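Chemist: structure for the following, please:
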Amino acid sequence: MRLILASANPGKLREFGEAASRHGIAVEQLPGIQSLPPCVEDGLTFEANAHKKALHYSVFVKGPVFADDSGIAVEALAGAPGVRSARFAGPHANDQANNQELLAKLAAAGLEHVPARRLAHYLCVIALAERGRLLTSVEGRADGLILGEPRGSGGFGYDPLFFYPPLGKTFAELTPQEKFAVSHRGEAFRKLLDYLLRTA
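Modeler: Numbering: from 1, shown residues only. Below you'll find the model as predicted:
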């Protein structure tokens, strides 16, 4: 079985590919995705954006196409950054700028030293579509809290600030395999694999 990933992110391709290969499923990047008309991700939820991306790109290729939308939500910030996670500090912000913006928002709210008010969760929604038809949608979640300063050099996004209590480390301090085993993206993808194996 072959799955096509609607993303140009090499880290996602590697993570998804390693997990799927154990089940005899090959994950390939959508050919020429960077030259295709981009999907406008203006949904108000992760689910809406994942659906839009999967449906949009599924018309350009034969076979099942999946896309994910994910981000982080901090309870004390009313769920922000949420769907704006990748552009929290502006439309062209990088990971470091977004992390700094998150810490600045918490400090402005007087929460930089209140662990109970720094609860957060990562959320990931993966949608699977084929030829413009949505086949299924799955969700994964990881709960933790935001540290006052970054720790670790791995991962991406808000991983250096996201502390995962069961392992006593930030996501940026975990190996890629350790992270995928407990992450929001890993949970969602395992649900997608279950669906594919049930319906094969």
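Chemist: list the contacts of the longest helix seen in the chain.
Modeler: With residue count as the measure and DSSP state H as the assignment, the chain has helix 184-199 as its longest helix. Outside helix 184-199, the residues within contact range by C-beta atoms under 8 Å, 6 or more residues apart in numbering are 1, 3, 12, 15-16, 19-20, 23, 25, 64, 66, 68, 70, 121-126, 128, 136, 138-142, 179-180. To be clear about C-beta, it is placed using only N, CA and C from the backbone, and glycine gets the same treatment.
Chemist: ok, which stretches of the chain are strands?
Modeler: The residue ranges that make up the strands of the chain, judged by DSSP state E, are 2-5, 26-29, 65-74, 119-130, 133-146, 162-164, 169-170.
Chemist: neighbours of the residue nearest to G144 when sequence neighbours are not counted, how many?
Modeler: Once flanking residues are discounted, G144 sits nearest to Y164: 4.7 Å by C-beta to C-beta, 6 or more residues apart in numbering. Around Y164 there are 21 other residues, counting by other C-beta atoms under 10 Å.
Chemist: residue contacts, Y164?
Modeler: If you count contacts by C-beta under 8 Å, 6+ apart, Y164 has them with A142, G144, T170, F171, L174, V182.
Chemist: the first one against A181, yeah?
Modeler: No: between A142 and A181 there is no contact, the gap being 10.6 Å when judged by C-beta atoms under 8 Å.
Chemist: the helix or strand bottoming out on mean pLDDT in the chain versus helix 184-199: what angle between them?
Modeler: Comparing every helix and strand of the chain by mean pLDDT, DSSP states H and E singles out helix 10-21 as the least confident one, with a mean of 88. Between the direction of helix 10-21 and that of helix 184-199, the angle (axes from the mean of the first three to the mean of the last three C-alpha atoms, to 10 degrees) works out to 40 degrees.
Chemist: ok, and the closest non-adjacent residue to the residue nearest the centre of the chain?
Modeler: With distances taken as C-alpha atoms, centre = their mean, the residue of the chain nearest its centroid is S70 (3.4 Å). Across the structure, with C-beta to C-beta, 6+ apart as the measure, the residue nearest S70 apart from its sequence neighbours is C124 (3.8 Å).
Chemist: would you mind measuring from that neighbour to A104?
Modeler: Counting by C-beta to C-beta, to the nearest Å, the gap from C124 to A104 is 25 Å.
Chemist: settle it for me: which of the two has more neighbours?
Modeler: Of the pair C124 and A104, C124 is the one with more neighbours under other C-beta under 10 Å, namely 22 against 12.
Chemist: and the more buried one, how far from L197?
Modeler: Where L197 is concerned, C124 sits at a distance of 20 Å (C-beta to C-beta).
Chemist: rewinding a little: okay, and the beta partners of the residue nearest to G144?
Modeler: Listed beta-bridge partners, Y164: K169 (assigned using DSSP bridges).
Chemist: residue with max distance from the center of the chain?
Modeler: Counting by C-alpha atoms, centre = their mean, G110 ends up farthest from the centre of the chain, with a distance of 28.1 Å.
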